[in-house]
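1. here is my input, please return the structure:
(chains A, B, C, D, E and F)
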Protein chains: 6
Amino acid sequence: MRILVVNPNTSPSMSAAIATECRGAARASTTVDVLNPRRGPRSIESYTEDCLASAATVELVMEHRDAYDGYVVACFDDPAVRALRELVRGPVIGIAEAAAHMASLVAAKFSVVTVMRRSKPRLAESIERAGLAGRCGSVRAVDLSVLQIEEDLDATRAIIAAEARRAMEEDDAEAICLGCAGLGPLDKSLQAELGIPVLDGCGCAVKLVEACVEYGITTSKYLSYAAPPEKEYVDWPVFDTAGAGQH
Amino acid sequence: MRILVVNPNTSPSMSAAIATECRGAARASTTVDVLNPRRGPRSIESYTEDCLASAATVELVMEHRDAYDGYVVACFDDPAVRALRELVRGPVIGIAEAAAHMASLVAAKFSVVTVMRRSKPRLAESIERAGLAGRCGSVRAVDLSVLQIEEDLDATRAIIAAEARRAMEEDDAEAICLGCAGLGPLDKSLQAELGIPVLDGCGCAVKLVEACVEYGITTSKYLSYAAPPEKEYVDWPVFDTAGAGQH
Amino acid sequence: MRILVVNPNTSPSMSAAIATECRGAARASTTVDVLNPRRGPRSIESYTEDCLASAATVELVMEHRDAYDGYVVACFDDPAVRALRELVRGPVIGIAEAAAHMASLVAAKFSVVTVMRRSKPRLAESIERAGLAGRCGSVRAVDLSVLQIEEDLDATRAIIAAEARRAMEEDDAEAICLGCAGLGPLDKSLQAELGIPVLDGCGCAVKLVEACVEYGITTSKYLSYAAPPEKEYVDWPVFDTAGAGQH
Amino acid sequence: MRILVVNPNTSPSMSAAIATECRGAARASTTVDVLNPRRGPRSIESYTEDCLASAATVELVMEHRDAYDGYVVACFDDPAVRALRELVRGPVIGIAEAAAHMASLVAAKFSVVTVMRRSKPRLAESIERAGLAGRCGSVRAVDLSVLQIEEDLDATRAIIAAEARRAMEEDDAEAICLGCAGLGPLDKSLQAELGIPVLDGCGCAVKLVEACVEYGITTSKYLSYAAPPEKEYVDWPVFDTAGAGQH
Amino acid sequence: MRILVVNPNTSPSMSAAIATECRGAARASTTVDVLNPRRGPRSIESYTEDCLASAATVELVMEHRDAYDGYVVACFDDPAVRALRELVRGPVIGIAEAAAHMASLVAAKFSVVTVMRRSKPRLAESIERAGLAGRCGSVRAVDLSVLQIEEDLDATRAIIAAEARRAMEEDDAEAICLGCAGLGPLDKSLQAELGIPVLDGCGCAVKLVEACVEYGITTSKYLSYAAPPEKEYVDWPVFDTAGAGQH
Amino acid sequence: MRILVVNPNTSPSMSAAIATECRGAARASTTVDVLNPRRGPRSIESYTEDCLASAATVELVMEHRDAYDGYVVACFDDPAVRALRELVRGPVIGIAEAAAHMASLVAAKFSVVTVMRRSKPRLAESIERAGLAGRCGSVRAVDLSVLQIEEDLDATRAIIAAEARRAMEEDDAEAICLGCAGLGPLDKSLQAELGIPVLDGCGCAVKLVEACVEYGITTSKYLSYAAPPEKEYVDWPVFDTAGAGQH
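-> Have a look, this model is predicted:
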């Protein structure tokens, strides 16, 4: 099985970390390619960046349309996930929904712990889009930027662990979803420290793509995720290359 | 007062129709400029097109950042509205939310009538994002494409009127929101025909921008819609021009 | 355009303050008349007072039926708003719904700050009736009575500001709706102090009536807000004057 | 035990029918007095009539404040119920909430069947106010006025039975709440005919008042239903008689 | 009238306390029998115990099928209530739903106070199953086990009272439901101490069974609670005795 | 990896069909054992049968406590799933939640198609318990009993296919979950026929157990699913064997 994981931002070090996470979770027979768009923001911490990164992600996947058995979008905003579902046959899974689905299988209630308070509504919306808001006790944020996470991963772990404990105590969180692809490398050490399931959406999404592909389901092409209607796209060469329109 | 209305698709005839609608609704002292992105799909009927049009809309507004008192996004998907709120000071209003808010003031329950069945979940999400799903009795679609609307506006009116009557009878709709900017020119004639309020989001959004500006409120910059953090955007010149990042 | 603003309580000083607020928000070409019922409670802080003031408001508007282009009910309980919609053609807007709709256009989440803890459920219900409970982060109350507000407006401002800051910090409020017509005069100074939109429903409602009238929609008379059926009203002269019944 | 049942409209024949229903349901040791206001509409089929009847009901109960062990409001709008809770110690129960609570004890899902399509949202709101919207499969209306019910009770029964059968078949209704006090006399014959529980809120409310009083609970006076603050009521003699204010 | 109250656990001292509560609430003409299963856990504090006690409760009631006018299940998990509704004609009421329904009649918002933090989601689900989650402000737990309650009832009362006061102050609780049958004996003394309604589900359920029976409704046998289809039950003699299946 | 699949009813032919489904979905390196309780109903079509089968399932798994890496409960009621989570370390997944989670990954909206109309609320509750009610467009039933499914699988397929098409047309279902373990063998042929994903919860649950185990998460033992407290179980030998209590 071949899975394409897209890191929607343009930070190569984050792509590398995501690759490690995803390959660690994948089975031996699964090939995981990790790519990021050639253009766009270094990290996604706003609706603006989400918009631009979403378009860049769509462009990137158009170049690899149906070249993979399944696709993962490795940002907790789940950017462009539904657009990609229109474009490819194989399952497309965002890491927020992946973590939320898996957490719901092993805990009555989970909390999301992330960086940047301003991101809370965007992440909450990812969970809601997955349909699982009722299982999510809280979305909590610590005062770090996405790019600061990697700078001192040990310090980050301590800060995240403290916030997770508050979620356990105050919000009755029985599992923790790490609300940023950059936090993925912390999953197992935090799980050991906290004593409850800690989920990195990257690993979860790879497992869920494998599950869908092996069980034999692909994205429904009836209604919401049907291929976009053929039409003219003005001045958007990557998309035109895919044959969706000329001008 | 100066309002920039963005038609997020690249169909100039639709931009022209939108301009007529918006200027018809605006007060004499309000200047309405209508622009559409230089690139992107001719119409928006899928998540993919929404993604690309959203990025193009962000690019366009970046060129006119804070040059207007308020902004309207003239597509019932309300694409990029929250991104634009991060970028400009003045209010930014999508036509779906505009129609839903105004309809809620004059009717206990409204229905959205639109073209293309596949668009129903995207439009329903616009209403939900506005927070007004509880006031929306149904989202109904007729079997037309966005670009077919203009081809025979009289035929379109008859088809939309029939569907609206079904919403009145079966879903207890007391007002109708027209679920596509292209349907805007039909608002007054349908209203006369149906005997209940019929709302074109373009007109509604212009009135609501005027209301916000005159009352003296601008988009909150606390939390969700704060300006995006300064950072590097790889290979995205329009955005770099705005000074948000270099590479 | 002519708007009738009803202050549903019998406090003339509050009517005067409301008039200042509403006229400040209205356009030059809009005439705003402010009236209060001749009978009823001095302020509305309970369901009982809401009931009596609602009936008195209905009586008052019956005397001015269709004499105005639109109507505002200036109490955050939004008393009698739906009854008035049955009685007149023009739009009828309560100040709670007005503030909630306008706040939703400029903030992802708003909080209501009001006086009197016991009023919280009544005010929350106004927001819910508007359909916007999902956008309301909290309804918070400080320990003042409605009539104390005016006694020392500076002290009131300090107390309200402190509560609003708690809403910002603890409930992620990005805008504040002032939950009592009496707090209206504080909107601009609090907005300056807090740095986020602060909304007085009186000003908002006037702007929204203007928006509806100019856009050309009136209250739907299909189903919920159809005129009351003709029938006998025993011993209710004002209502009989309106021709709705004899006895 | 003494229960005051208020028929909030001014139709003596309906008061008589309500008295029969309530006394039929009450235990031998329970005294049931049925009163209606001296003024107000003959029936309640609109928000306007609800407003006026609510005030008249408040006035009436003020004259009998704490003279009874419990109170019933016999209209499916549940008008003034929360106001009365502020005014008296004993439990106050509306017939809509009563029917909804009792139906929830014997059926997974109930439907309300009523007269007049325009009343549907008002009745749905009664159920929602009771907190039981999730248990209500539908509110259905037949094309009769409240006062027509009594004119030919057999014809009414046949029409209501047909609509109830549709609720059973199409909405999976397992019990039927009769959505108008005037329909109360039909409960047992319809129950026999349909083979599922059919509930008249008048009977239900009497039983629930008895249950509350015997179990030893009265309306909570903490927060929502505390007695209204003492204050001046301008020109409202009945209320002033009760000592709540002078002017 | 004859009511069977089942204590689903096997603690005879709790059955005795429940009997006192239920008989105290019942009318003189009501006979209350209290039984507990011959097998199963001494108390119910987990899903596992709920499962086993549910089966034992079903077995017990099968032996007394239709021998009573109504049935009460005296555990705040409301175990097996819906199964019993399939098996008997008379109403079957769980103490959680009973307390929630009665509290909703006398308070705008109630809180549940119980023992054992782990039980919170199970109890919250009882309230949600009743359809009354919207009326429940919080489920709060103190750090006691079910069997510790009886050991020092005075100490228990102090601990519960303190938690109830926090619910009043922090969650705006206007009434308190005692979230365990073992807490029932505290209802009246806590009510006196707190000054708001305090409800023991045992007493409430008895009153509601009496109300249903006297009003003349029994469990709907249409759809959800129809008698189980006749079929073979392997090796389950009590159930076979009832004639539902052979093997 | 070793997975125990429990068929909670006592129908060996259904256990055999489930084994075929589960083994077909499992990876080569996964061992799947399928067991059913020694006692209990032949099929589960009521709350009563659910209760008894749940207890029997708990007893069965107690005998195999922690002998497997993960557990599947193969009935669309998801009986006893939460109890089993308290008893074992490995993930425990019901087939209803499994199908709902997987369907949500490949479709915006799914419908459940099952046998027996009376089962609709029980199945809807399984989906709600999973937290995914918002993604479920409808639960539809055809007029067959569980045991009739196997009698003529071709006839069953035709009936189910027709109902699924109605879900697609009327409820906008983009995927179909088969609402009974007995329907599992139809998944691939129905999927081919309908052209949208058709999910058998048995296959889905096996894939999700594999995903959880490989990713390295087990059931959270914090709060809801902690092991049941040690205590006495009267006369319940299987449970006593497990050391949880003596008497």
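2. low-confidence ranges in chain A?
-> Scanning chain A for pLDDT under 70 picks out A:240-247.
3. hey, which helix is longest across it?
-> The longest helix of chain A (DSSP state H) is helix A:153-171.
4. just the buried residues of that helix, please?
-> Residues of helix A:153-171 classed as buried: A:Thr156, A:Arg157, A:Ile159, A:Ile160, A:Ala161, A:Glu163, A:Ala164, A:Ala167, A:Met168, A:Asp171 (neighbour count, 16 or more other C-beta atoms under 10 Å in any protein chain shown). In short, each C-beta sits where N, CA and C put it, glycine included.
5. and these near chain D, which?
-> When C-beta under 8 Å from any C-beta of the partner chain is applied, no member of the buried residues of helix A:153-171 is adjacent to chain D.
6. TSV for these, including distance to chain B?
-> Shown next, in TSV, are the buried residues of helix A:153-171 (distance: C-beta to the nearest C-beta, whole Å):
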residue	distance to chain B
A:Thr156	18
A:Arg157	23
A:Ile159	19
A:Ile160	20
A:Ala161	25
A:Glu163	18
A:Ala164	22
A:Ala167	20
A:Met168	25
A:Asp171	20
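7. hmm, who's touching the longest helix of chain A?
-> Residues from elsewhere that reach helix A:153-171 (C-beta atoms under 8 Å, 6 or more residues apart in numbering or on different chains): A:109, A:111, A:113, A:137-138, A:140-142, A:144, A:148-149, A:173-174, A:176, A:178, A:183, A:185-186, A:189-190, A:193-194, A:196, A:198, F:222.
8. gap between it and the chain center?
-> Distance of helix A:153-171 from its chain centroid, counting by C-alpha atoms, centre = their mean, to the nearest Å, is 21 Å.
9. keeping just the C-alphas, turn it into PDB.
-> Extracted C-alpha coordinates of helix A:153-171, given in PDB (Å, rounded to 0.1, in the frame of the first residue of the first chain):
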ATOM      1  CA  LEU A 153      11.100  19.600  22.500                       C
ATOM      2  CA  ASP A 154      11.800  18.700  26.200                       C
ATOM      3  CA  ALA A 155      10.500  22.100  27.400                       C
ATOM      4  CA  THR A 156       7.500  21.700  25.100                       C
ATOM      5  CA  ARG A 157       6.800  18.300  26.600                       C
ATOM      6  CA  ALA A 158       6.700  19.600  30.100                       C
ATOM      7  CA  ILE A 159       4.400  22.500  29.100                       C
ATOM      8  CA  ILE A 160       2.100  20.200  27.200                       C
ATOM      9  CA  ALA A 161       2.100  17.600  30.000                       C
ATOM     10  CA  ALA A 162       1.000  20.200  32.600                       C
ATOM     11  CA  GLU A 163      -1.800  21.400  30.400                       C
ATOM     12  CA  ALA A 164      -2.900  17.800  29.800                       C
ATOM     13  CA  ARG A 165      -3.000  17.200  33.500                       C
ATOM     14  CA  ARG A 166      -5.300  20.200  33.900                       C
ATOM     15  CA  ALA A 167      -7.600  18.700  31.200                       C
ATOM     16  CA  MET A 168      -7.700  15.400  33.100                       C
ATOM     17  CA  GLU A 169      -8.500  17.100  36.400                       C
ATOM     18  CA  GLU A 170     -10.800  19.900  35.300                       C
ATOM     19  CA  ASP A 171     -12.400  18.500  32.100                       C
END
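10. and after that helix, which helix or strand comes next?
-> strand A:175-178 (DSSP states H and E).
11. run through the strands of chain A in chain order.
-> A:2-6, A:31-35, A:40-41, A:70-73, A:92-94, A:110-115, A:136-142, A:175-178, A:198-200, A:233-234 (DSSP state E).
12. show me what the fifth one is packed against.
-> When you say that, I think you mean strand A:92-94. If contacts are counted by 3 or more C-beta pairs under 8 Å, 6 or more residues apart in numbering or on different chains; DSSP states H and E, strand A:92-94 sits against strand A:70-73, helix A:81-87, helix A:201-215.
13. what does it rub up against?
-> A:70-73, A:75-79, A:81, A:84-85, A:126, A:201, A:205, A:208-209, A:212, A:219, F:105.
14. residues contacting the residue nearest the centre of chain A?
-> With distances taken as C-alpha atoms, centre = their mean, A:Ile95 lies nearest the centre of chain A, 2.7 Å away. The contact partners of A:Ile95, taken as C-beta under 8 Å, 6+ apart, are A:Val72, A:Val73, A:Ala74, A:Cys75, A:Phe76, A:Asp78, A:Ala181, A:Asp200, A:Gly201, A:Cys202, A:Cys204, A:Ala205.
15. and the gap between A:Leu123 and B:Val106?
-> 36 Å (C-beta to C-beta, to the nearest Å).
16. burial check on whichever residue of chain A sits closest to chain E, number of neighbours?
-> Closest approach between chain A and chain E, counting by C-beta to the nearest C-beta: A:Ala108, at 5.4 Å. A:Ala108 has 26 neighbours, counted by other C-beta atoms under 10 Å in any protein chain shown.
17. before we move on, the earlier item: now the residue nearest to the centre of chain A, nearest residue through space, not along the chain?
-> Leaving aside its sequence neighbours, A:Ile95 sits nearest to A:Gly201 (C-beta to C-beta, 6 or more residues apart in numbering or on different chains; 2.7 Å).
18. hmm, that neighbour is touching A:Ala98, no?
-> Yes: with contact defined as C-beta atoms under 8 Å, A:Gly201 counts as touching A:Ala98 (4.8 Å).
19. who's more crowded, these two?
-> Between A:Gly201 and A:Ala98, counted using other C-beta under 10 Å, A:Gly201 has the larger neighbour count: 36 against 31.
20. for the more buried one, what are its contacts?
-> A:Ala74, A:Phe76, A:Gly94, A:Ile95, A:Ala96, A:Glu97, A:Ala98, A:Ala99, A:Cys177, A:Leu178, A:Ala181, A:Gly184.
21. go through these and name the one nearest chain B.
-> For the contacts of A:Gly201, the nearest to chain B is A:Gly94 (12.7 Å; C-beta to the nearest C-beta).
22. gap between the closest residue to the closest one other than its chain neighbours and B:Pro8?
-> Distance criterion C-beta to C-beta, 6+ apart; nearest residue to A:Gly94, sequence neighbours excluded, is A:Asp78 at 3.0 Å. Counting by C-beta to C-beta, the separation of A:Asp78 from B:Pro8 is 21 Å.
23. next: A:Arg23.
-> 38 Å.
24. go on, A:Asp69?
-> 33 Å.
25. who has more neighbours out of the two?
-> A count of neighbours by other C-beta under 10 Å puts B:Pro8 above the other of A:Asp69 and B:Pro8, at 31 against 21.
26. identify the spatial nearest neighbour of the more buried one, chain neighbours not counted.
-> Distances taken as C-beta to C-beta, 6+ apart put B:Ala53 closest to B:Pro8, at 4.1 Å, once the chain neighbours are dropped.
27. tell me the contacts of that neighbour?
-> With C-beta under 8 Å, 6+ apart, B:Ala53 has these contacts: B:Pro8, B:Asn9, B:Pro37, B:Gly40, B:Pro41, B:Ile44, B:Cys75, B:Pro79, B:Ala80.
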